[in-house]
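[1] coords below, sequence missing:
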DNA sequence: TTGAAAGCGTTACCAA
DNA sequence: TTGGTAACGCTTTCAA
């Protein structure tokens, strides 16, 4: 059933039917009702392609994922973000178009998606400290919002990010308050903006107490179980091993835990772990009270906000860049001090 | 630059230019070259929407993800699958359209995506033992391929699946060979087809030795770290606790390991774990030789095959249903017997 | 408040 | 081998 047929059934012109369905004011209430009724009855849905061609709007948002970036697509953060963004798109009648590209083709993919005109805007995932995509998109004039930020880029782009610097600063401060002085950082790859910021936060907290970060206690790499394990194993072999670990992901924390296990050490007794991720709800304080983070659900929230921001910009024709900084909470597993409360960490 | 403008530049009709660019045979080699050259020079890309409207093909494949289904979107398996499918779509010039829907709206989403005509076919994710989506899609006449299978459905649909039954049967047999008699199964939700099959495999291996599964040693639920932990903790409290665990996911295995840790038990000495997932490369046998599975990369391969099958069906106008059964390998962490070799399991 | 007609950028049919 | 024209299904301008 298409518009013409529906109009014929109603004895109206396609024009009027279109107007009635799209909420134009100049159509009488009576016809609007008749039309709506008939549309429902015949289960009429306007053809997307035709609508797109006529309006010149793709009604779709692109997400371009570099293939090799295991960091992104295989990252639970990515999935949660996509879920959040997808909710918003669905409500607004937009499609979400995912494009998987080999890294080498990334630039071509952006240009192509632009000239083919099958998306109205783009979400940039996993920004690096120095990221060639932002100037490229600026040049193309394609509306975009970055999930994250890029330290090396000209400001002036729109973004939604979590406060990684402060989160890690706070977490480090928390461990310092518990008396730890040898704190290890098991970080993500530091060409990624988020990891660079986490390291800054870590170093800032140490510096605030007049401490310098020990390079032997800092490691950066793919955030896997194996990374956490190998890093912790090696560090625990040092003459002056760490008494606490700060990790950038759940998987790394799992690996650290395995290294402790292999040495018959216990979290909270011999060592503390603080990790910036969710899923660690099971780390409990002395009162068997779960201490957890909002990371996972807040990533979904970030997805929602990112998508909403982009749609707003598209529909209002962009304008001044916008930004949105979410505060992250942290998972804490440590019981050598007083049982930490969520509120200790959230502000 | 659109087709008309390009044609004008060349002094040709849009028709001819279109034919030249789309490889129709009836255009002379000379003009084909001229056109190709000009297209490159002006960086011409045909407008997707117009092409779609004219051909009646959306050049897009839909993936509909129910929102609440944490099992899917947040599942690393999902991400790997998407990555594999995305590769194939990109090569074939198709878009991948992800739709996130509240569970209650799932049927409506399928109907809508169909009547709006913005996809040419659908991949069905996470089939249940009894799944209403398959008859619905059949009724709509929308081409689809299932990632997985549905025990309760009429055969006659196309699918790509991993041999879950046999994988778990083999893993169970492996533990039995090592002498274990009390084997626990920490499974996924058993209304999901894959989990039902895994359980069948488990029970079949026991039955083959004349053993019956002990209900107290079987648990099914969300495959999280917490699930694995709680299940293992409770089972280890039984008067006759398990000596081995078979888990359906990496996260569950992590939880089982934590439960062991809390009891100062060790894998390989006190207990064995076999899990159907990747990332457990770190479970090493006595010779410190990693024993690992291909699951993760094979999920990507499944994504590729699923996508390729669907595109083939769309382009050839479907026909007899097709299927593709991949053999799964398994992660094994156990050292109470002779060091297991990968080939022992892959047979 | 309604309708006729043009237009969006392609492809596809029929002539030349 | 090429070109003119209709068609795809909708929106939008202009008239009535």
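    Sure, I can see it. Note that the structure is predicted; figures quoted are calculated from it, not measured.
[2] Number of residues surrounding residue A:12?
    Each residue near residue A:12 was counted by other Cβ atoms under 10 Å in any protein chain shown, and the total is 19. Quick note: C-beta positions are derived from backbone N, CA and C, even for glycine.
[3] likewise residue A:207?
    Residue A:207: 12 surrounding residues under other Cβ under 10 Å.
[4] That one and DNA strand C, how far apart?
    For residue A:207, the distance to DNA strand C (Cβ to the nearest atom of the strand, to the nearest Å) stands at 57 Å.
[5] so what's that residue scoring on pLDDT?
    As predicted, residue A:207 sits at a pLDDT of 97.
[6] Same question for the one 4 residues further on.
    At residue A:211 the predicted local distance difference test score is 94.
[7] Checking it next. Helix, strand or coil?
    In three-state terms, and counting by DSSP: H, G, I helix; E, B strand; the rest coil, residue A:211 is coil.
[8] right, and it touches residue A:182 too?
    No - Residue A:211 sits out of contact with residue A:182 when judged by Cβ atoms under 8 Å, with a separation of 9.9 Å.
[9] tally of neighbours for residue A:30?
    Summarising burial for residue A:30: neighbours were counted as other Cβ under 10 Å, giving 8.
[10] What does it show for phi and psi?
    phi -60, psi -50 (degrees, to the nearest 10).
[11] how about the helices in chain A?
    Along chain A, the segments classed as helices by DSSP state H run A:3-10, A:14-21, A:29-42, A:48-55, A:70-73, A:76-92, A:106-116, A:133-140, A:164-177, A:193-208, A:225-236, A:250-262, A:295-315, A:342-346.
[12] Can you say which of those is nearest to residue B:326?
    helix A:70-73 (20.3 Å; Cβ to Cβ).
[13] Let's see the pLDDT reported for residue A:340.
    The per-residue pLDDT reported for residue A:340 equals 37.
[14] What's the separation between residue A:51 and DNA strand D?
    With the distance defined as Cβ to the nearest atom of the strand, residue A:51 ends up 4 Å from DNA strand D.
[15] Now do the contacts for that residue.
    Residue A:51 makes contact with residue A:59 under the criterion Cβ atoms under 8 Å, 6 or more residues apart in numbering or on different chains.
[16] is chain B contacted by stretch A:182-199?
    No - interface with chain B: stretch A:182-199 contributes nothing (Cβ under 8 Å from any Cβ of the partner chain), its closest point being 15.2 Å away.
[17] Distance from that stretch to the middle of the chain?
    Put simply, stretch A:182-199 sits 17 Å off its chain's centre (Cα atoms, centre = their mean, to the nearest Å).
[18] Let's see the distance spanning that stretch from one end to the other.
    Criterion Cα to Cα, to the nearest Å; first-to-last residue distance in stretch A:182-199 is 15 Å.
[19] buried set for it?
    Residues of stretch A:182-199 classed as buried under the neighbour-count rule (16 or more other Cβ atoms under 10 Å in any protein chain shown) are A:182-188, A:190, A:192-199.
[20] what's the answer for stretch A:169-180, then?
    Within stretch A:169-180, the residues that qualify as buried by neighbour count (16+ other Cβ under 10 Å) are A:169, A:170, A:171, A:172, A:173, A:174, A:175, A:176, A:178, A:180.
[21] Provide a list of residues in contact with the fourth one.
    Okay, so that is residue A:172. Under the criterion of Cβ under 8 Å, 6+ apart, the contact partners of residue A:172 comprise A:183, A:201, A:202, A:205, A:206, A:246.
[22] How many neighbouring residues does the closest residue to DNA strand D within chain A have?
    Nearest to DNA strand D in chain A, going by Cβ to the nearest atom of the strand, is residue A:3, at a distance of 2.8 Å. Applying the criterion other Cβ under 10 Å, we find 19 residues in the vicinity of residue A:3.
[23] Next, work out how far apart it and residue A:11 are.
    Taking Cβ to Cβ, to the nearest Å as the measure, residue A:3 and residue A:11 are separated by 14 Å.
[24] Now do the same for the closest residue to residue A:128 other than its chain neighbours: its pLDDT.
    Excluding the flanking residues, the one nearest residue A:128 by Cβ to Cβ, 6 or more residues apart in numbering or on different chains is residue A:191, at 5.3 Å. According to the prediction, residue A:191 has pLDDT 92.
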